[in-house]
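Novice: Sequence first, then the predicted structure:
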Amino acid sequence: MKFKAMTAIAALVAAPLTAVAGPDEDNLVVNGEIEMVTTTDAPAHLQDTFDTIYSGWHFRSDETQALQMDDFENPAMVFVDQAQEMWDTVEGSEGKSCASCHEDVAESMKGVRAVYPKWNEAAGEVRTLSMQINACREDNMGADPFKYDSAQMAAMESLISVQSRGMPVNVAMDGPAAETWEQGKEIYYTRFGQLELSCASCHELNYGNMIRADHLSQGQINGFPTYRLKNAKLNTVHGRFKGCIRDTRAETFAPGSPEFVALELYVATRGNGLSVEGPSVRN
Amino acid sequence: MKLKSLTLAAALIGGVAHAAEVAPTEVSFDDYGAVETSLTGKPGDPAAGAIVVGSKSAGNCVACHQISALSDVPFQGEVGPTLDGAGDRWSEAELRGLMVNAKKTFDGTVMPAFYKTEGFVRPGDGYTGKAAGEDLPPLLSAAQIEDVVAFLVTLKEE
C-alpha cells in the first residue's frame, strides 16, 4: 500500500465515508397494513441513558428495509411456512403435535412473543421462548428438544413471533424475574475480551456511528429471529450475542447458557415499547 | 523485514541494534498516560505503520477512525475522532501511550489497549470465540507499535 501525500488527487478521491448518521426517519408498515412502532420513548429503566429507542431496522439500507415491508419479499417467510408444517406434525412418544394442545397458532400464540423471556412459576426459572418450545417438546410431546440455536428452533420462533407482529414488546423485569434481569444487566455492561468492549460500548455509546462497514444500531432484539443476507439464514438472539462477544476477542458463552438467558431478558426490556417485528431482515 | 531508509539510517548510527524490548507488563506511563521510552529502542517505520493502521488483520484502527492520508482504505469508522492532525495534537510519547493503553490517557475509553496482555474478562483466542491460551500476545508487537507511532507523528494539519 502506498502512503499518500495530501495531493489534489488524494483530496478528490477522499474516503468514501457514508453520509449516514444516526437512525433514518423511514416508517415501517408491513404488507401495507401492520404499522410498526420502530421509534419510541425509552422505557423508564433506561431514561437516564436514552430518550428514544430505535429498532435495528432504522439502521439498515433502503434495499434491506424494503425486504421486510412485504411478506412476499421477506426471505424469512419460507421458514415460517415450514414451521407451520412442524406445528401440525405429530412427533414423539405421546403422539402429539403442537396443534394437539395449542390448536390454531394464530389464535393461541398471539401476544406470546411480546412478553418473552418470562418467569415460569412451576419451573422456578426465567424462560426464553426457545426454552419453552423445548419444554413442550420434551414434557408434553415426548420428543427430542431442538438444538438451541438450530434452524428448526429459529423457524418455530419465527412462526410464533409472526402472530404478535405490531404488538408492543412488554417484557417484565420485576418480581421473580428481577434477579435474572440484574444478572443480564451486569453482563451487558461488562467489557469482555482482549478488546475490552461491552454491549454498551457499541450499542449504547456508539449507535448511529459506523464501525468499519457496519452501521451500529442499539442492538435491540424486537426483530428476532432475523434473516441475515450475509449468511442467508435465520439467526437467533443467542447466535447474535455469541457473534458480538466473539468480536471482542473474548471466549463467548454458549447459546442457551444461563448467562445468555439473563442477557436476553435484560436486552428484551431495553426494547419495551417497540413493536414485535420478527422475523425481520438484516444485512 | 525490508530495510526502509529510516531504519537503515538508524541501524547504521545506533550501535545497539537488538536492544531488549520493553515487555507489555513493564511499560511505564507518566501521570497523563504518555510513554517516554521507545518499546524497541529503535525508530519505527511510518510506511509499515500506515499498513498496520489500515489492515483489518493488524491494528484495524480505521474500524473506528477516519484518516485522510489513508483515503484508499475503504469503510473508515466514526467511533473515535479523525486522526488527521494527530501529530500536531500529541507528542510522540503521548501517541505511544495511546497505543499501549489509551485508557491511561482517556479514562474508560472504548479504544482497545494494543500492548497489554493481562487483566481481561474472558479473553479469547483471537476471533475464534474460544478461550485464550496461557500466553496471550498483545494485539500489536512492540515493533508494530513503534511503526504506528512513527506514522501518527506524520499526521499534520496542513
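Specialist: Sure, I can see it. Numbering: from 1, shown residues only, chains lettered A, B, ... in the order given.

Novice: All the strands of chain A, in order from the start?
Specialist: For chain A, the strands defined by DSSP state E cover A:29-30, A:34-35, A:39-41, A:52-54, A:118-120, A:125-127, A:210-211, A:214-215, A:226-228, A:233-235, A:280-282.

Novice: next one: the last one to chain centre, how far?
Specialist: If I follow you right, that is strand A:280-282. Its chain's average C-alpha position is 9 Å from that of strand A:280-282, according to C-alpha atoms, centre = their mean, to the nearest Å.

Novice: Repeat that for the first one.
Specialist: Averaging C-alpha coordinates over strand A:29-30 and over its chain gives two centres that are 18 Å apart (C-alpha atoms, centre = their mean).

Novice: what do you get for the fourth one?
Specialist: Going by C-alpha atoms, centre = their mean, the spacing between the C-alpha centre of strand A:52-54 and its chain's C-alpha centre is 15 Å.

Novice: what comes into contact with it?
Specialist: A:23, A:38-43, A:46, A:207, A:217-218, A:220, A:270-271, A:273-274 (C-beta atoms under 8 Å, 6 or more residues apart in numbering or on different chains). All C-beta spots, glycine's among them, are computed from the backbone N, C-alpha and C.

Novice: how long is stretch B:60-72 from one end to the other?
Specialist: 14 Å (C-alpha to C-alpha, to the nearest Å).

Novice: Rounded mean pLDDT for that stretch, please.
Specialist: For stretch B:60-72, the mean per-residue pLDDT is 96.

Novice: now do stretch B:97-115
Specialist: Mean predicted confidence for stretch B:97-115 is 98.

Novice: Tell me the buried residues in it?
Specialist: Using 16 or more other C-beta atoms under 10 Å in any protein chain shown as the test for burial, stretch B:97-115 gives B:97-105, B:109-115.

Novice: do stretch A:186-197 as well
Specialist: In stretch A:186-197, counting by 16+ other C-beta under 10 Å, buried: A:187, A:188, A:190, A:191, A:192, A:193, A:194, A:195, A:196, A:197.

Novice: restrict those to those near chain B?
Specialist: A:190, A:191, A:192, A:193, A:194, A:195, A:196, A:197 (C-beta under 8 Å from any C-beta of the partner chain).

Novice: hmm, back to that, out of the strands of chain A, flag the one nearest residue B:42.
Specialist: Taking C-beta to C-beta, strand A:210-211 is the member of the strands of chain A nearest to residue B:42, at 33.0 Å.

Novice: Paired strands for that closest one, with orientation please.
Specialist: Paired strands of strand A:210-211, with direction, are strand A:214-215 (antiparallel) (DSSP bridges).

Novice: where along the chain do the helices fall?
Specialist: Because you didn't say which chain, this covers chain A. Using DSSP state H, the helices found in chain A span residues A:8-12, A:62-67, A:77-88, A:98-102, A:105-108, A:112-115, A:129-135, A:151-162, A:178-188, A:199-203, A:237-246, A:258-270.

Novice: if you could check chain B rather than the one you did, that'd help
Specialist: B:5-13, B:46-54, B:86-89, B:92-101, B:142-152.

Novice: ok now the longest one, how far from the chain's centre?
Specialist: What it means is helix B:142-152. That offset, for helix B:142-152, works out to 5 Å (C-alpha atoms, centre = their mean).

Novice: Can you show me the CA trace of it as CSV?
Specialist: Output of helix B:142-152 as CSV, limited to C-alpha atoms (Å, rounded to 0.1, in the frame of the first residue of the first chain):
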residue,chain,number,x,y,z
ALA,B,142,6.5,-3.7,20.2
ALA,B,143,7.8,-3.1,16.6
GLN,B,144,4.3,-2.6,15.2
ILE,B,145,3.5,-0.1,18.0
GLU,B,146,6.7,1.9,17.2
ASP,B,147,5.8,1.8,13.4
VAL,B,148,2.3,3.1,14.1
VAL,B,149,3.7,5.9,16.4
ALA,B,150,6.1,6.9,13.6
PHE,B,151,3.2,7.0,11.2
LEU,B,152,0.9,9.0,13.6
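
Novice: so what does that helix touch, helix or strand wise?
Specialist: helix B:46-54, helix B:92-101 (3 or more C-beta pairs under 8 Å, 6 or more residues apart in numbering or on different chains; DSSP states H and E).

Novice: Let's have those in JSON lines, adding distance to residue B:152.
Specialist: Shown next, in JSON lines, are these (distance: least, C-beta to C-beta, whole Å):
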{"stretch": "helix B:46-54", "distance to residue B:152": "7"}
{"stretch": "helix B:92-101", "distance to residue B:152": "5"}
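
Novice: Looking at these, which is nearest to residue B:60?
Specialist: That would be helix B:46-54 among these, by C-beta to C-beta, at 8.3 Å.

Novice: then that closest one to CSV, C-alphas only?
Specialist: Taking C-alpha atoms only, helix B:46-54 is exported to CSV below (Å, rounded to 0.1, in the frame of the first residue of the first chain):
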residue,chain,number,x,y,z
PRO,B,46,6.0,5.1,9.2
ALA,B,47,5.2,3.3,6.0
ALA,B,48,4.9,0.0,7.8
GLY,B,49,2.8,1.8,10.5
ALA,B,50,0.4,3.0,7.9
ILE,B,51,-0.2,-0.6,6.8
VAL,B,52,-0.8,-1.7,10.4
VAL,B,53,-3.3,1.2,10.9
GLY,B,54,-5.2,0.3,7.7
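
Novice: what number of residues lie near the closest residue in space to residue A:23 that isn't next to it in sequence?
Specialist: Excluding the flanking residues, the one nearest residue A:23 by C-beta to C-beta, 6 or more residues apart in numbering or on different chains is residue A:58, at 3.6 Å. A count of neighbours around residue A:58, defined by other C-beta atoms under 10 Å in any protein chain shown, yields 22.
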